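**Q** just coords:
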């Protein structure tokens, strides 16, 4: 089971990338009561039957690892949400993409710790596969949008450690809050 | 620290590039792949990824290394897994590469050019057998 909320988000975003998505959008919102996340992709999608199997921990498509019988990404998330009493929804259309939305209730004792948000952004932005990754973050203090294409244009190859180090600094600074008096 | 703009990010990148240009002796010839499947993430692969970036920078190797993420490498029981391809050395998949061992990996494999004992889970045996 994942320990932090950011781990669930990376897992779902990684699914999108593996599903062959060209564009992945991640919405990450936080208010006093909860943390809401939505991951929308235009990947290969699933039909109703595949979707039901995706939520079953003891099923995987077996293509990536022949002989394996478990697929835990979505079931982990569903379980964590069930324990927390939060909300979970998944919609998918074969050939069109998948839309996963979930919300953790912060006031409930079984809400996982949030985790390192800039570190999560770094990981998601550098996942292989998706050409465009758009992350929209909104909390009571900060509101910003990140686009992989813009960052890659500013930095060059996002796999180079020198780019990663600069990106890390940039992402940390985004969480610092708006300096309204400057505007 | 105020929020950086994209222009400031570009400027930061340029200064880093200049620093590197002075030290640059070889191309980007070292590749590191971090397993970022469900199993990896659950075992803390994100922290490992982060620690590798920091450690490689600390050792001044950022101009030579590319770090990629991938899905599950099939070694779920020893996650987090990290594959290292270093010229002149067998490509190795290291297991149990937690945040704390990431530094050790950089020091041993990338700096001292020796393998990291007790963490090798795949690849080198096949490479050695071929010879």
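**A** That came through fine. In this text, all values refer to a predicted model and were calculated from it rather than measured experimentally.

**Q** wait, what's in contact with residue 54?
**A** In the absence of a named chain, this looks at chain A. Going by Cβ atoms under 8 Å, 6 or more residues apart in numbering or on different chains, residue A:54 touches A:46, A:71, A:74, A:90. C-beta: built from backbone N, CA, C; applies to glycine.

**Q** think we crossed wires, I meant chain B
**A** Counting by Cβ under 8 Å, 6+ apart, residue B:54 makes contact with residue A:165.

**Q** how close does it sit to residue A:96?
**A** Distance from residue B:54 to residue A:96, counting by Cβ to Cβ, to the nearest Å: 40 Å.

**Q** excluding chain neighbours, what is closest to residue A:97?
**A** Spatial nearest neighbour of residue A:97, chain neighbours left out: residue A:42 (4.2 Å); criterion: Cβ to Cβ, 6 or more residues apart in numbering or on different chains.

**Q** can you tell me the SS state at the closest residue to chain A within chain B?
**A** Proximity of chain B to chain A (Cβ to the nearest Cβ) peaks at residue B:62, 3.9 Å away. Per DSSP: H, G, I helix; E, B strand; the rest coil, the secondary structure class of residue B:62 is coil.

**Q** neighbours of the spatially closest residue to it that is not a sequence neighbour, just the number please.
**A** Spatially, and ignoring its direct neighbours in sequence, residue B:62 is nearest to residue A:161 (3.9 Å; Cβ to Cβ, 6+ apart). Neighbourhood size, residue A:161 [other Cβ atoms under 10 Å in any protein chain shown]: 23.

**Q** pLDDT wise, what is the closest residue to chain B within chain A at?
**A** Nearest residue of chain A to chain B (Cβ to the nearest Cβ) works out as residue A:161 at 3.9 Å. As predicted, residue A:161 sits at a pLDDT of 92.

**Q** that one touches residue B:60, doesn't it?
**A** No: taking contacts as Cβ atoms under 8 Å, residue A:161 lies outside contact range of residue B:60: 10.4 Å.

**Q** show me where chain B has its strands.
**A** Using DSSP state E, the strands found in chain B span residues B:30-35, B:65-70, B:82-85, B:92-94, B:120-122.

**Q** now tabulate those strands in a markdown table and tack on mean neighbour count, distance to residue A:31 and mean pLDDT.
**A** As requested, the strands of chain B are exported to a markdown table (neighbours: other Cβ atoms under 10 Å in any protein chain shown; distance: least, Cβ to Cβ, whole Å; pLDDT from 0 to 100):
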| stretch | mean neighbour count | distance to residue A:31 | mean pLDDT |
| --- | --- | --- | --- |
| strand B:30-35 | 22 | 32 | 95 |
| strand B:65-70 | 20 | 30 | 94 |
| strand B:82-85 | 22 | 37 | 95 |
| strand B:92-94 | 23 | 41 | 94 |
| strand B:120-122 | 16 | 43 | 86 |
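
**Q** how about residue 47: what's its closest non-neighbour residue?
**A** Using chain A. Excluding the flanking residues, the one nearest residue A:47 by Cβ to Cβ, 6+ apart is residue A:94, at 4.5 Å.

**Q** sorry, should have said chain B
**A** Nearest non-adjacent residue to residue B:47, counting by Cβ to Cβ, 6+ apart: residue B:99, 4.1 Å away.
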